[in-house]
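> could you work out the structure for the sequence below:
(chains A and B)
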There are 2 protein chains.
Amino acid sequence: MIQAYNPRTGQPAGDPVPETTDAEVDAAVRAAVRAFPDWAAGTDRARALEAAADALDAHSAELAGIADTETALGDGRLTGEVARTTGQLRLFAQVIRDGAYRDIALTPAAGAVPDLRRISRPLGPVAVFGASNFPFAFSVAGGDTASALAAGCPVVIKAHEGHPATSIAVAGILAEALTSVGAPDGVVALVHGVDAGLALLRHPLIRAAGFTGSTRGGLALAKVCAERETPIPFFGELGAVNPVVVLPAAAAARADEIASGYAASLTLGAGQFCTNPGLLFVPENPGLLTAIASAISASSGGPMLSERIFAGYEDAVADAESRHVRELAAGAPGEGPWGATPRALTTTLKEFAADVAALSAERFGPAGLVITYSSLEELLDVLGGLSGNLVGSVHADPPDLDQARRVVAALERIAGRIVFNGWPTGVAVVAAQHHGGPWPATTAPARTSVGSAAIRRWLVPVAYQNFPPELLPAPLR
Amino acid sequence: MIQAYNPRTGQPAGDPVPETTDAEVDAAVRAAVRAFPDWAAGTDRARALEAAADALDAHSAELAGIADTETALGDGRLTGEVARTTGQLRLFAQVIRDGAYRDIALTPAAGAVPDLRRISRPLGPVAVFGASNFPFAFSVAGGDTASALAAGCPVVIKAHEGHPATSIAVAGILAEALTSVGAPDGVVALVHGVDAGLALLRHPLIRAAGFTGSTRGGLALAKVCAERETPIPFFGELGAVNPVVVLPAAAAARADEIASGYAASLTLGAGQFCTNPGLLFVPENPGLLTAIASAISASSGGPMLSERIFAGYEDAVADAESRHVRELAAGAPGEGPWGATPRALTTTLKEFAADVAALSAERFGPAGLVITYSSLEELLDVLGGLSGNLVGSVHADPPDLDQARRVVAALERIAGRIVFNGWPTGVAVVAAQHHGGPWPATTAPARTSVGSAAIRRWLVPVAYQNFPPELLPAPLR
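Below is the predicted model:
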């Protein structure tokens, strides 16, 4: 059985939910296979996604309430996240109507070259794994599901164990809304439990999988996908520490602003974001360090999502503090038994470089490592050696611009998005977004899990050679 | 040492070539890393690729001569393949000038949404593995190298053991032509030997790999890439049997034409193509079977590329003949100790379906399995259960069109290209081409290794958030 817990109390939240059996997983996948032709070609998918968005919006308050008992993320954040989720569904309705996602190419016959026409087609039924830290936007009706449905792929969703009741409520509203406007039965389904997730990934009729979660969990699931009799693409968004570089003139001119921005980004959502600014590189500027210490001391943590995440956070901080790292400041602990305490740890660039694998590991939660540098050259060397990240950021004032250019050149190779004079948290759901990055930030570094381009993960091209018009897909005629 | 052999005689061809040491592989990769910034941003890559094409064309006869001693593919095929190779280099020069490959997206700031601008950037130094069966077009200066260089990635090439002298000659001409127009030293390099290939794939500074070859070899290398400390994308094009379906009216009206087209496609290049029509599904039409038997009987094989490939072919045919398969016809054996004999084997759809894994395995060479069907429904079931392929084909006359539509719907899910009233061999290098397909045809089914879109494999997006114009990449300003 799956039992959710209220992070504010550590007590069970709601009734236990039965784990999905292998036979039930198989039935869900087979229903998705049956739904595939009609969903890919027969249904008005744009209208269906809009109907789903409308239905979820209509239940926003109720959904946020359920999710708050399972996640303690708070009503403001959760109703905002429902709106983000329905915004994503409506964005993908637009993407469908626009049609460019089909990536059509036409090469007319010429001499020995045959007529060739290419279009991208949906892969078939796919698996989506809900994430713990976004109970709506990266969960049952989140970006992976919305983009896969938009592509024409039925989706079997593995609910996150942390919010089963939220998952069930969203899945029910989603399925009802889709079928109310003509979508075939089985186009979405929900399964519960680790074993059900594995059975889903191993099912021969599942054609790809999307995942947002820990590096460890993601690697295990990637291996399952690679070792299938027929391997399938695994689109995993794993860990990131998202280096932020503050350059000297900006540090001197805007210490308080930078410190308060940092503390806000680091502690947002109790630090439980893949875009959390885990590494902050600052010049040797005592004023900035003092400002950061003040801002972190004035900050408050929040209840973490689960006992396991809280224990992982405490372990990661203890591991860092066992190295050449000292605590610069700590904020007020969050509510409840799993309340995280915000922490700014600090070390020098030299100490960091000497122990880079351990010190650049993700510490999921509101703990930031502030690294002081004295030489831009040494900083660039260290940045160039970091693993992949979702985001890199640079804070620069006009006198810093030449240095900023070199920092950007280093960040471009290790991050999927670069932010100027801002913070990595907050990921706009738009056409130009790229929420991906070199491994381990994502397992497929050319793909994004946020924004219009997320639909590309669920499509494959097919080229038609010398076809009569009546046999071509309609958009190629 | 690497020793090439002349397939016409089985005797050594040319002098043995030393295997590249691990230290030499490391030096080649480090030179590629140093070349990367200038090649990605400083050089006129389009002009450099054109200079390479011109230089290779100028040496076409000499190169074809060297390759003929190592491959016995014949002067006509080999000079044609040099032209295809230089055509590919010129196509990618156009792709660079066109600029669309950068996949630029701009989302202006609006309310809480920041300004976001996305562009695709080259991954960095990559590895390319030459294929045995295309000593030019899928080897040192072939499609993988041309597309990676076009993207802005330096390339370290692992020469195929079957044609080391050809590889050395092409690499010399390529490197000299590139540097003659300003490309940095180290932008291309060549390594020899299986161990060197493994050292290359495992090198921490290599960012992706392209491979064309056997399913077994490709799977082993894919595993090496996946098990690196930092995994890298592996773009493998492995095996395919490329099902061809002949529908009843076409079979009745055009038996001789279909039979002669089939024999020509099956025996082209001694059948050593990944697009070879390995499975032919025909209605129970004695006239067509007789025509196929005649055409195959009248055909000739050719010398296969190596003793190993020849032995693999003989083993695969013997394995098929040990099952419920009979020999319909055989042609004349090819020249030399490794001369392949063209063969048409035949079985019924029922027998095929009962032993589908073995009978749908690739038999690399000019052996085709002709499968007779009596029911379209049963045929569709069998097609739907096949593994991924590069190509599927259908032969249909007007009375067949409704059936053809259903066959195409089945082939769309198991193949990357579908040919109407034609044969799978011959892959046009154009914008609308897709030379890929579900596993095991390729390991990254959304990617193509032929045509303009092949450049996409070597690029990753980066999004720039709230950037001042002077720090943006020029195309994003």
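> and the contacts of stretch A:165-175?
Here stretch A:165-175 makes contact (C-beta atoms under 8 Å, 6 or more residues apart in numbering or on different chains) with A:4, A:13-14, A:17, A:52, A:55-56, A:59, A:62-63, A:66-67, A:69-71, A:130, A:135-136, A:139-141, A:145, A:157, A:159-160, A:187-190, A:192. (Glycine included, C-beta is placed from N, CA and C.)
> filter those residues down to the ones close to chain B.
Among those, none lies close to chain B by the criterion of C-beta under 8 Å from any C-beta of the partner chain.
> narrow those residues to those that are buried.
A:4, A:13-14, A:17, A:52, A:55-56, A:59, A:63, A:66-67, A:69-71, A:130, A:135-136, A:139-141, A:145, A:157, A:159-160, A:187-190, A:192 (16 or more other C-beta atoms under 10 Å in any protein chain shown).
> so which of the residues you listed are in helices?
Among the buried ones among the contacts of stretch A:165-175, the members found in helices (DSSP state H) are A:52, A:55-56, A:63, A:66-67, A:69-71, A:145.
> farthest-separated two in the residues you listed?
The largest separation in those, counting by C-beta to C-beta, is between A:52 and A:69 at 23.5 Å.
> how far does whichever helix or strand residue A:77 is part of sit from its chain's centre?
Secondary structure from DSSP states H and E places residue A:77 in helix A:75-98. Centre-to-centre, helix A:75-98 and its host chain are 15 Å apart (C-alpha atoms, centre = their mean, to the nearest Å).
> contact partners of that helix?
Under C-beta under 8 Å, 6+ apart, the answer for helix A:75-98 is A:45-47, A:49-50, A:52-54, A:56-57, A:60-61, A:63-65, A:67-68, A:71, A:73, A:101, A:134-137, A:141-143, A:146-147, A:149-150, A:269, A:429-430, A:452, A:455.
> okay, how far is it across stretch A:120-127, tip to tip?
Start-to-end span of stretch A:120-127 (C-alpha to C-alpha, to the nearest Å) is 19 Å.
> next up, phi/psi of the closest residue to chain B within the stretch 251-400 of chain A, please.
Of all residues in the stretch 251-400 of chain A, residue A:387 sits closest to chain B, at 6.7 Å by C-beta to the nearest C-beta. The phi/psi pair for residue A:387 (degrees, to the nearest 10) reads phi -70, psi 180.
> residues near the closest residue to residue A:65 other than its chain neighbours, how many?
Leaving aside its chain neighbours, residue A:65 sits nearest to residue A:75 (7.5 Å; criterion: C-beta to C-beta, 6 or more residues apart in numbering or on different chains). Other residues near residue A:75 number 12, with proximity taken as other C-beta atoms under 10 Å in any protein chain shown.
> what about residue A:75, distance to residue A:132?
For residue A:75, the distance to residue A:132 equals 19 Å [C-beta to C-beta, to the nearest Å].
> please apply the same query to residue A:150.
For residue A:150, the distance to residue A:132 equals 24 Å [C-beta to C-beta].
> tell me if I'm right that residue A:67 and residue A:136 touch.
Yes - using C-beta atoms under 8 Å as the test, residue A:67 is close enough to residue A:136 to be in contact (7.0 Å).
> worst mean pLDDT across the helices and strands of chain A, which element?
Least confident helix or strand of chain A, by mean pLDDT, DSSP states H and E, is helix A:215-226 with a mean of 92.
> got the angle for that helix vs helix B:215-226?
180 degrees (axes from the mean of the first three to the mean of the last three C-alpha atoms, to 10 degrees).
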